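**Q** Turn this into a structure:
(4 chains)
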Number of protein chains: 2
Amino acid sequence: MLSKKTKYGLKALTFIARSGDDVPVQVSVISKSEQIPQKFLESILLTLRKSGILGSKKGKHGGYYLRNAPSEIKMTDVMRVLEGPIAMVPCVSLNYYEKCDDCPDENLCSVHKLMIEVRDGTLKVFRNKTLADLSGV
Amino acid sequence: MLSKKTKYGLKALTFIARSGDDVPVQVSVISKSEQIPQKFLESILLTLRKSGILGSKKGKHGGYYLRNAPSEIKMTDVMRVLEGPIAMVPCVSLNYYEKCDDCPDENLCSVHKLMIEVRDGTLKVFRNKTLADLSGV
DNA sequence: ATTAATCCTATCAATTTAGTAGGGATTACA
DNA sequence: TGTAATCCCTACTAAATTGATAGGATTAAT
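**A** Next up is the predicted model:
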């Protein structure tokens, strides 16, 4: 299941992308418009900022803005920040690989082989999608 | 993340498929061979039996067996039984559809559109795979 | 009968999720 | 310079899920 965190994060990014111009967007505005608990959203946007996807401006008239054009913001990056590894098992993860304790030989593991294909299918989608595709901008 | 339940379930099914012949396979045997906690495995095989994928024989020399040939056991079915819906959000689930509370119009929702593609990518894999592919039988 | 197996229900500890609470730091603007 | 608005940060918490474990009831072969 997609976590609420990821869902909210994607919606917020879409909202910011659609806002278009250079003025930063406030958490409160996104929160109201997208029906996302404000404090929760704050923490999500904070992680997106720390990961470099969003920038922020503090104080009055502050808010969040995209660090790059929507077409430059890849879903692979966004999903890894919000949801974590794209692979369903660590032993097929490209970025967070970990060997399974139980599995003596990965190449003989039926789960391993299946999950590589699932991962590739998902990656194919995320690699071909940017925030521009999501937001229509 | 793939749950241990699903991982264990897939390994157990593979094991049973590879055992080949008609004698039912005991939980204790699978448990030892695949390093799966026996009581946990019991409950997993029980759900697989209740769903119709496995059959069982009680009492001495009892155990579990496949109800169909491995090539007839589709991953879509197995995954739905073990892991639940294949879709990452209920609003794109084919079998367990649910509308989102927040979303006024699905067709305008960026998350919705993205997750449909992810679902289709994953379905493509599961629809093309049977237990025969996993187990090499 | 005895033994070996599945079947069933209940319980539980650890982890994760989805928040909430409260305030600190920074900036714009009057 | 004061005040309001805004992000920033830490800590806490309730609920749900996960990954089991415990104990026995039932069934079947010998």
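**Q** so residue A:11 sits right up against residue B:111, yeah?
**A** Yes - counting by Cβ atoms under 8 Å, residue A:11 touches residue B:111, with 6.3 Å between them. All C-beta spots, glycine's among them, are computed from the backbone N, C-alpha and C.
**Q** where do the helices sit along chain A?
**A** Along chain A, counting by DSSP state H, helices occupy A:4-19, A:27-34, A:38-50, A:75-82, A:110-127, A:131-135.
**Q** mean confidence score for the shortest one?
**A** Confidence over helix A:131-135 (mean pLDDT, whole number) is 97.
**Q** For residue A:56, which residues are in contact?
**A** Residues in contact with residue A:56 (Cβ atoms under 8 Å, 6 or more residues apart in numbering or on different chains) are A:24, A:45, A:49, A:62, A:63, A:64, A:65.
**Q** ok, now residue A:84?
**A** residue A:96.
**Q** Next one, pLDDT for it please.
**A** The model reports residue A:84 with a pLDDT of 97.
**Q** Got the phi and psi for it?
**A** Phi and psi for residue A:84, reported as degrees, to the nearest 10, are phi 90, psi -160.
**Q** what does chain A have sitting close to DNA strand D?
**A** Within chain A, the positions near DNA strand D by Cβ under 7 Å from any atom of the strand are A:24-28, A:39, A:42-43, A:45-46, A:49-50, A:56-64.
**Q** now, which of those residues lie close to DNA strand C?
**A** Contacts with DNA strand C within the residues of chain A next to DNA strand D, counted by Cβ under 7 Å from any atom of the strand: A:39, A:43, A:57, A:58, A:59, A:60, A:61, A:62.
**Q** Can you tell me which of these lies closest to residue B:87?
**A** Residue B:87 lies nearest to residue A:43 out of those, by Cβ to Cβ, at 26.1 Å.
**Q** How many residues are close by the closest one?
**A** Neighbour count for residue A:43, taken as other Cβ atoms under 10 Å in any protein chain shown: 13.
**Q** residue with max distance from the center of chain A?
**A** Distance from the C-alpha centroid of chain A, by Cα atoms, centre = their mean, peaks at residue A:104 (33.1 Å).
**Q** Name the residues that touch stretch A:10-17?
**A** Here stretch A:10-17 has contacts from A:25, A:30, A:33-34, A:36, A:41, A:44-45, A:48, A:53-54, A:64-66, A:70, A:73, A:78, A:82, A:131-132, A:134-135, A:137, B:109-111, B:114, using Cβ under 8 Å, 6+ apart.
**Q** if you set the cut-off to 6 Å instead, what comes out?
**A** A:25, A:30, A:34, A:66, A:70, A:131, A:134, A:135, A:137, B:110, B:111 (Cβ atoms under 6 Å, 6 or more residues apart in numbering or on different chains).
**Q** Is it possible to get a markdown table of the residues you listed that adds neighbour count and distance to residue B:6?
**A** Formatted as a markdown table, those follow (neighbours: other Cβ atoms under 10 Å in any protein chain shown; distance: Cβ to Cβ, whole Å):
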| residue | neighbour count | distance to residue B:6 |
| --- | --- | --- |
| A:25 | 23 | 39 |
| A:30 | 26 | 35 |
| A:34 | 16 | 32 |
| A:66 | 21 | 37 |
| A:70 | 20 | 35 |
| A:131 | 26 | 31 |
| A:134 | 23 | 29 |
| A:135 | 21 | 34 |
| A:137 | 17 | 38 |
| B:110 | 20 | 29 |
| B:111 | 23 | 24 |
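**Q** Out of those, which is nearest to DNA strand D?
**A** residue A:25 (6.9 Å; Cβ to the nearest atom of the strand).
**Q** re the thing from before, among the residues of chain A next to DNA strand D, which ones are buried?
**A** Buried residues within those, counting neighbours by 16 or more other Cβ atoms under 10 Å in any protein chain shown: A:24, A:25, A:27, A:45, A:56, A:63, A:64.
**Q** As a markdown table, those with distance to residue A:100 and pLDDT would be great.
**A** Converted to a markdown table, those look like this (distance: Cβ to Cβ, whole Å; pLDDT from 0 to 100):
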| residue | distance to residue A:100 | pLDDT |
| --- | --- | --- |
| A:24 | 44 | 97 |
| A:25 | 43 | 98 |
| A:27 | 40 | 98 |
| A:45 | 35 | 98 |
| A:56 | 39 | 97 |
| A:63 | 44 | 98 |
| A:64 | 39 | 98 |
